[in-house]
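Student: pasted the sequence and its predicted model underneath.
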Amino acid sequence: MAQVEIRSLEKSYGAVKSVDGVSLDVADGELVTLLGSSGCGKTTTLRIVAGLIGEDSGTVAIGGKPMQGVPSWRRNIGIVFQHYALFPHMTVRDNIAYGLRLRKWKADRIKAQVDRLAQIVEIGELLPRYPRELSGGQQQRVAVARALAIDPAVLLMDEPLSGLDASLRERVQYELRALQQASGTTTIYVTHDQQEAFALSDRVAVMNRGRIEQVGPVAEVYNEPASAFTAGFIGSNNRLAATVVGVDSAGTGVIAQAGAKLTFASRDAVQAGDAVDVVIRANRIGLAEPDGPHAYPGRVVTCSFSPTAWRVMVDVGGLTLRADVSEAEFAGRPRPPQPGEEVWISVQPENVWVFKSEQNRGDV
Amino acid sequence: MLPASGFRRLTRAGTILCAVVIILPLVAMVLFSLSGHVEAIPSEWTTKWYTFNSSDVLASILHSLEISVPAVAIALLVAMPLSFAMARWDFGGKRLINQMILLPMLLPGTALGLALVELYNTGVLSKIPALAFLIAAHVVIVLPVIARPVIAALEQMDAELETASMSLGASPARTVRKITVPVIFPTVVVGSIFGLARSITDFAITLFLVPVGFLPMSIEIYNSTNYSIPQLTSANAVILLAMSLLVVGVGEVVARRVSRGG
């Protein structure tokens, strides 16, 4: 178990800067997730920490020791790969024991360790089988057991659950988290799936175009995004470009786009006339009484059901906004809003997130 | 547009015809080798042709193995690192080497044989024993038979397996020994067996390069026509056929077990 220190990591492939100045500290026993869509540099960063790719510049230290020039096989890391990479010509037992045999452990100690890990991930009866005889979920558990068997300083996981079907994935998420916390292994997890990141992590690092946009505890990243990218990437959002009409001294102002004007409480310091990126979480928009506080009139475009909330698309002065409305909010109404119906929606100014427009906006 | 059943009947007829065209001469050859007189259907059955020049035949079987076994062994030694480099690394001239690997399979045997014998007779190479040169020529024709499937197997293999091995603490050398080679081993075996078959059955190149009096089976058959006894030639040919069928048969069985076992 050890902490990981990543400083100013850079890596380019030809003209493409895959990792562009990534710095991150992972505390001993912590699980940090690198979250982002494909091409954001999260997997490249992970592979540099693993020693599988060499960095152009920057440093990686594991347990305080610099990893410069240290090849992968001397870093004492465990990796769980997206497609498991189990050795097909070895039994499950031999797969898990592979790293232990390399470390010249005694046979009885190896057997005890393999049995212990097999029990933890619940594949005890599969030990004499070959990987091709196992289901995806079983293979995944073997991969985890194999990586943990050597008691690595750092556990690195590269989208290990993406090969599993949705129902299995949720269950395995919780099991993985429990396992990681029980063993106290420092872990860096890579995924593009927000739900996964939220379920597993102590902290989340949102990545975009080779940089970390924001890193922090899950709730903080969700509720207090520092940039338009992070705000727009996490959760279900309405994203729009708008212009500031006016701002008062208290920081409250109005933005306009199309024919709609919305009140906001500012996050970035903006002035009248500024071009801004606006993000409004769909679950922060609710149905309102006509002329209620911070309410805006609109017309229902569509209304569809989903297990967590009704998705109501509302046209507000030419601007189409998505509101995720819970069943509870419909109480008192005879039925959910119908297309074409007039409806009022409300959103608190502090939930209208306004960011200064940057030249190079990240792809949201 | 042919009706489905008509098309199927046509295809079936064509397949049977092809099978007959291939099998019939072989059947005739076997029948011929067992007949006392020269006739299509033997009236008198005999196996004397199989023992007629048995000392020559036995010697030539040995000579075949003396050429082919070392040729396959050397081809393997060359093919393994070659395949690894082609499948895993990028380097200048890679495409050229890829074409060169293919070449011996595409060139006509007589052209290659003639070129090789001229190469041998002129200059410094004539100092090398003729048998060694012959084996070297066989290495050249066996190499693609082994290298091509091994390269394919390496490319198809999950490269992440090697990565996983290294992450668990195995150096690259260890990884090749414990992971890469075992995973592609079945392909190597199958390639070697088919390489052996290719070498044993080679005629055109071997004809140009055989040392005096050192006749492998493929040439011995041709030679036995000197006796002007067609049954004898047939019998010798059946022996060579049996040899190559055996080798290829083993190869097929191993290949099938490999694809099933994974």
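Tutor: Yep, it's here.

Student: which residues of chain B lie near chain A?
Tutor: By the rule Cβ under 8 Å from any Cβ of the partner chain, the part of chain B lying against chain A is B:158, B:160-161, B:163-171, B:174, B:179, B:182-183, B:262. For every residue, glycine as well, the C-beta is placed using N, CA and C.

Student: from those residues, which land in helices?
Tutor: Among the residues of chain B next to chain A, the subset assigned to helices under DSSP state H consists of B:Glu160, B:Leu161, B:Thr163, B:Ala164, B:Ser165, B:Met166, B:Ser167, B:Arg174, B:Pro182, B:Val183.

Student: what packs against the strand or helix carrying B:Gly249?
Tutor: Using DSSP states H and E, B:Gly249 maps to helix B:230-261. In terms of contacts (3 or more Cβ pairs under 8 Å, 6 or more residues apart in numbering or on different chains; DSSP states H and E), helix B:230-261 is packed against helix B:4-33, helix B:48-52, helix B:54-88, helix B:181-201, helix B:217-224.

Student: comparing those helices, which yields the minimum mean pLDDT?
Tutor: When the helices and strands packed on helix B:230-261 are compared on average pLDDT, helix B:48-52 comes out lowest at a mean of 78.

Student: next one, pLDDT for residue 91 please.
Tutor: Going with chain A. The model's pLDDT for A:Thr91 equals 94.

Student: please go with chain B instead
Tutor: At B:Phe91, pLDDT is 89.

Student: tell me, how many residues neighbour the closest residue to it other than its chain neighbours?
Tutor: What sits nearest to B:Phe91 in space, not counting adjacent residues and going by Cβ to Cβ, 6 or more residues apart in numbering or on different chains, is B:Ala85, at 7.2 Å. Per other Cβ atoms under 10 Å in any protein chain shown, the neighbour tally for B:Ala85 reads 15.

Student: do the same with A:Phe264
Tutor: Neighbours around A:Phe264, by other Cβ under 10 Å: 25.

Student: now do the helix or strand where it lies: everything it contacts.
Tutor: Assigned by DSSP H and E, A:Phe264 belongs to strand A:260-265. With Cβ atoms under 8 Å, 6 or more residues apart in numbering or on different chains as the test, strand A:260-265 has contacts from A:242, A:245, A:251-256, A:278, A:294, A:296, A:316-319, A:347, A:349-350, A:352-354.

Student: please repeat the previous calculation with a cut-off of 6 Å.
Tutor: With contacts defined as Cβ atoms under 6 Å, 6 or more residues apart in numbering or on different chains, strand A:260-265 is touched by A:Gly251, A:Thr252, A:Gly253, A:Val254, A:Ile255, A:Val316, A:Gly317, A:Leu319, A:Pro349, A:Glu350, A:Val352, A:Val354.

Student: got the residues of chain A near chain B?
Tutor: Residues of chain A lying close to chain B (Cβ under 6 Å from any Cβ of the partner chain) are A:Leu52, A:Ser72, A:Trp73, A:Ile79, A:Phe81, A:Ala85, A:His89, A:Tyr98, A:Gly99, A:Leu102, A:Arg132.

Student: assumed the fourth one was part of a strand.
Tutor: In this case it means A:Ile79. Yes - in this structure, A:Ile79 lies within a strand as judged by DSSP: H, G, I helix; E, B strand; the rest coil.

Student: thought it was touching B:Ser167?
Tutor: Yes - A:Ile79 lies in contact with B:Ser167 (Cβ atoms under 6 Å); the separation is 4.4 Å.

Student: what touches both of those two?
Tutor: Common neighbours of A:Ile79 and B:Ser167 (Cβ under 6 Å, 6+ apart) do not exist.

Student: quick one: low-confidence parts of the stretch 201-350 of chain A?
Tutor: Residue ranges of the stretch 201-350 of chain A with pLDDT under 70: A:249-252, A:258-259, A:266-268, A:331-334.

Student: show me what contacts A:Leu117?
Tutor: A:Ala145, A:Leu148, A:Ala149.

Student: and which of these is nearest chain B?
Tutor: A:Ala149 (8.7 Å; Cβ to the nearest Cβ).

Student: pull the number of nearby residues for that closest one.
Tutor: By the criterion of other Cβ under 10 Å, A:Ala149 has 24 neighbours.

Student: how many other residues sit next to A:Ser346?
Tutor: Neighbours around A:Ser346, by other Cβ under 10 Å: 17.

Student: list the contacts for the closest residue to it other than its chain neighbours?
Tutor: Nearest residue to A:Ser346, sequence neighbours excluded (Cβ to Cβ, 6+ apart): A:Ala288, at 3.6 Å. If a contact means Cβ under 6 Å, 6+ apart, then A:Ala288 has A:Ala295, A:Trp344, A:Ile345, A:Ser346 as its contacts.

Student: just to revisit the earlier point, same list (the residues of chain A next to chain B) but as a markdown table, adding secondary structure.
Tutor: Formatted as a markdown table, the residues of chain A next to chain B follow (three-state DSSP):
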| residue | secondary structure |
| --- | --- |
| A:Leu52 | coil |
| A:Ser72 | helix |
| A:Trp73 | helix |
| A:Ile79 | strand |
| A:Phe81 | coil |
| A:Ala85 | coil |
| A:His89 | coil |
| A:Tyr98 | helix |
| A:Gly99 | helix |
| A:Leu102 | helix |
| A:Arg132 | helix |
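
Student: of these, buried ones?
Tutor: When these are checked for burial by 16 or more other Cβ atoms under 10 Å in any protein chain shown, the buried set is A:Leu52, A:Ser72, A:Trp73, A:Ile79, A:Phe81, A:Ala85, A:His89, A:Tyr98, A:Gly99, A:Leu102.

Student: which ones are touching the first one?
Tutor: Translated: A:Leu52. A:Ser72, B:Thr163.

Student: dihedrals phi and psi, it?
Tutor: According to degrees, to the nearest 10, the main-chain angles of A:Leu52 amount to phi -90, psi -30.

Student: and the pLDDT for it?
Tutor: pLDDT, A:Leu52: 92.

Student: could you list the domains of chain B?
Tutor: Following the assignment in automatic domain parsing, chain B carries domains at B:1-46, B:54-261.

Student: and these, which is most packed in?
Tutor: Ranked by average neighbour count under the criterion mean count of other Cβ atoms under 10 Å in any protein chain shown, the domains of chain B are headed by domain B:54-261 at a mean of 17.
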